[in-house]
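>>> 3D, please:
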Amino acid sequence: ANFATGIGDASGNKVFINPPQTGENYLIDIKEYVLGGLVGTAGTGKTNKNLVSIQNSHVTQYITGGYNQGAGQVSASENEVYLKGVSLYDSGVVDGRYVVGGLLSNSEGTGDAYKNKVVLEKSKFTGKYIAGGVSQGTGLVDLNEVSLVDTDVVGFVAGGLDWYGKDVTLTNNKVSVAGGSVVGRVAGARSWTGSDANFNSVYVQSAKIKAGGENEGHVLGAANQSGGNALNNYVQVQNSQVDGYVAGGFIEHYEGGHYNGKTDNNNVVIENSNVYGNIGGGYNQAGGTLSASGNTVVVNILSTASEISFEAGGFIAGGIIGDKQKGAGFTNNNTVNIINFSSENSFEINSYVAGGYNGGVGEGGASGNTVLIDTPSSPNGSNSLITVGGFVLGGQDKLTAEEAVRMVVQRSQRTVAETEEPGVNVPLVALDTFALQVQLGLGGHDGLDIICFRQGVHVHVVVDHQQAAFQIGAGKTVILHFLDAAVAGGISHEPL
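This is a model prediction of the structure:
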């Protein structure tokens with residue numbers, strides 16, 4: 001540790017704590033913290049290339065590879081923390097507990113937290129956060145990584161983290177979760193200052209991301225809480241459960257805030273998983289001039305699925321704009337692909353599906369979006385099923401209720417029908433639009449200005465590719481004008 005005034009480094013240090021495993025008991029119990037290298041508040045310098053390796057121990061407070069409290073020109077880079085069979089899990093010191101690879105904690109510090117790595121295996125953690133690189137000052141948080149393997153966490157997990165810094169840019173940070181659980185939020189990067197959070201990623205495999213208490217259970221490629229951009233981020237969820245949202249790029253609503261930002265060119269891939277919140281490629285809740293364009297969401301149920309049924313508890317959208325602050329902008333050129341490859345498994349979507357959904361005000365648009373919903377035929381001739389509990393839209397920009405319903409009919413019919421190839425037996429897709437009443441106005445949900453129709457007519461929409469028939473069934477007569485709603489072979493519509 002370097003507590004001296006002036007310039008001085010604390011780099012290249014190593015800490016090893018590796019007692020033998022003794023069941024639930026720990027031979028080594030550390031009542032405070034473990035640090036690889038430390039520069040104190042009176043100094044300035046580097047805390048780089050430090051190593052902390054701990055096994056089969058209990059630590060009460062925090063663990064950091066390189067901890068830099070200095071002002072001026074500083075650095076906390078290329079540090080590594082490896083924990084196996086380690087407990088930071090008890091009822092006390094939760095707010096002051098964290099695990100970080102490289103930490104810049106002085107708001108007057110300028111420098112980078114670069115290429116730090118944190119690995120937890122078969123460990124337990126309850127605390128504030130686990131992060132690869134953290135900055136509370138000014139600089140770049142780049143190429144940091146967190147890996148959780150069969151580990152149970154209660155808290156926030158991020159590859160790169162701006163913890164109330166001044167001006168922090170976060171790029172190329174990564175989180176991977178394999179097995180175990182996280183009660184909290186998982187993000188490739190989180191920005192508080194409104195700077196960019198781009199090219200970050202999250203991979204979740206055979207794990208549970210759960211909500212509990214103040215923890216939302218979200219999985220986000222990048223989360224920006226004060227505007228700024230969240231671009232080109234990536235999320236992959238496989239064989240897992242997520243209680244909250246899944247989003248590639250996410251700009252969060254901040255009460256009273258009015259700021260600009262883009263959530264463009266993000267990608268989300270979900271396979272054989274249950275997501276009980278909303279799914280969005282670019283998910284923009286800011287209140288200024290916005291964009292949520294060029295995003296892609298792919299949801300696949302593969303033939304290797306072990307569960308019988310899967311669920312998406314909210315909407316699925318390529319790009320979405322909407323907030324109480326009424327931001328304005330474009331949701332263009334987004335893509336949503338939902339395919340059930342399994343002949344044994346079903347997939348239920350409890351809300352709507354949209355390529356681009358624009359709930360903002362002022363100048364904007366939703367053009368060039370694509371939605372594909374498909375289910376290949378099974379070898380025995382039976383049909384696998386996808387159920388959509390709301391409407392299906394290619395693109396929406398502040399439509400009236402009747403226009404929105406017309407768009408549902410046109411987009412859903414066209415999108416599914418166009419996937420049919422000659423000689424291919426394409427099964428049916430069911431669209432169960434709950435509480436649909438054409439003549440009533442649009443409602444709202446979750447502060448996102450989501451179209452939701454009030455109680456009234458219950459409608460069931462079925463597209464049967466073999467008969468090329470389009471049927472609308474309702475408790476009472478619903479009059480819709482089908483504009484350009486035809487496919488080869490003709491379309492019939494009649495009340496049931």
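
>>> need the contact list for residue 52.
Applying Cβ atoms under 8 Å, 6 or more residues apart in numbering, we find residue 52 in contact with 14, 15, 34, 35, 36, 63, 64, 65, 79, 80, 81, 82. (Glycine included, C-beta is placed from N, CA and C.)

>>> want to throw those residues into CSV with secondary structure, neighbour count and distance to residue 320?
Formatted as CSV, the contacts of residue 52 follow (DSSP: H, G, I helix; E, B strand; the rest coil; neighbours: other Cβ atoms under 10 Å; distance: Cβ to Cβ, whole Å):
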residue, secondary structure, neighbour count, distance to residue 320
14, strand, 12, 47
15, strand, 16, 46
34, strand, 20, 43
35, strand, 20, 43
36, strand, 28, 42
63, strand, 27, 38
64, strand, 29, 37
65, strand, 33, 38
79, coil, 33, 38
80, strand, 22, 38
81, strand, 28, 37
82, strand, 18, 39
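
>>> which residues of the stretch 151-300 of the chain score low on pLDDT?
Residue ranges of the stretch 151-300 of the chain with pLDDT under 70: 254-258.

>>> rerun that using 80 as the cut-off
165, 194, 213-215, 226-227, 253-259, 286-289 (pLDDT under 80).

>>> how about the helices in the protein?
For the chain, applying DSSP state H gives helices covering 401-417.

>>> from residue 110, how far out is residue 221?
27 Å (Cβ to Cβ, to the nearest Å).

>>> who has more neighbours, the two?
Neighbour tally, residue 221 and residue 110, criterion other Cβ atoms under 10 Å: the higher count belongs to residue 221, 37 against 18.

>>> would you quantify the distance from the nearest residue to that one once chain neighbours are set aside to residue 114?
Spatial nearest neighbour of residue 221, chain neighbours left out: residue 233 (2.9 Å); criterion: Cβ to Cβ, 6 or more residues apart in numbering. Distance, residue 233 to residue 114, by Cβ to Cβ: 19 Å.

>>> looking at the two, which has the bigger crowd around it?
Higher neighbour count among residue 233 and residue 114: residue 233, with 33 against 23, using other Cβ under 10 Å.

>>> follow-up on the earlier one: so the residue nearest to residue 221 versus residue 188, what's the distance?
With Cβ to Cβ as the criterion, residue 233 and residue 188 are 6 Å apart.

>>> what do these two both touch?
Each of 197, 200, 201, 220, 221, 222 lies in contact with both residue 233 and residue 188 under the rule Cβ under 8 Å, 6+ apart.

>>> I'd like these laid out as a markdown table, including distance to residue 303.
Listed next are the shared contacts of residue 233 and residue 188 as a markdown table, based on distance: Cβ to Cβ, whole Å:
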| residue | distance to residue 303 |
| --- | --- |
| 197 | 36 |
| 200 | 31 |
| 201 | 26 |
| 220 | 29 |
| 221 | 27 |
| 222 | 32 |
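
>>> residue 313 against residue 275, yeah?
Yes. Between residue 313 and residue 275 there is a contact under Cβ atoms under 8 Å: 6.6 Å.

>>> between those two, which is the more surrounded one?
Per other Cβ under 10 Å, whichever of residue 313 and residue 275 has more neighbours is residue 275, with 27 against 19.

>>> contact partners for the closest residue to that one other than its chain neighbours?
Leaving aside its sequence neighbours, residue 275 sits nearest to residue 242 (Cβ to Cβ, 6+ apart; 4.6 Å). Residues near residue 242 by Cβ under 8 Å, 6+ apart: 204, 209, 217, 218, 219, 273, 274, 275, 276, 277.

>>> 6 Å instead, please
Going by Cβ atoms under 6 Å, 6 or more residues apart in numbering, residue 242 touches 209, 219, 275.

>>> what's the closest of those to residue 293?
Distance to residue 293 across the contacts of residue 242 (Cβ to Cβ) is lowest for residue 219, with 21.6 Å.

>>> which residues are in contact with that closest one?
Contacts were defined as Cβ under 6 Å, 6+ apart; by that measure residue 219 touches 186, 202, 209, 235, 242, 246.

>>> also residue 334?
Taking Cβ under 6 Å, 6+ apart, we find residue 334 in contact with 295, 318, 319, 355, 356, 369.

>>> do the same with residue 32
Counted by Cβ under 6 Å, 6+ apart, residue 32 has contacts residue 61.

>>> against residue 175, how distant is it?
For residue 32, the distance to residue 175 - Cβ to Cβ - is 27 Å.

>>> ok, residue 217 next?
15 Å.

>>> more neighbours, those two?
Neighbour count, other Cβ under 10 Å: between residue 217 and residue 175, residue 175 has more, with 31 against 23.

>>> with that, I have no additional questions.
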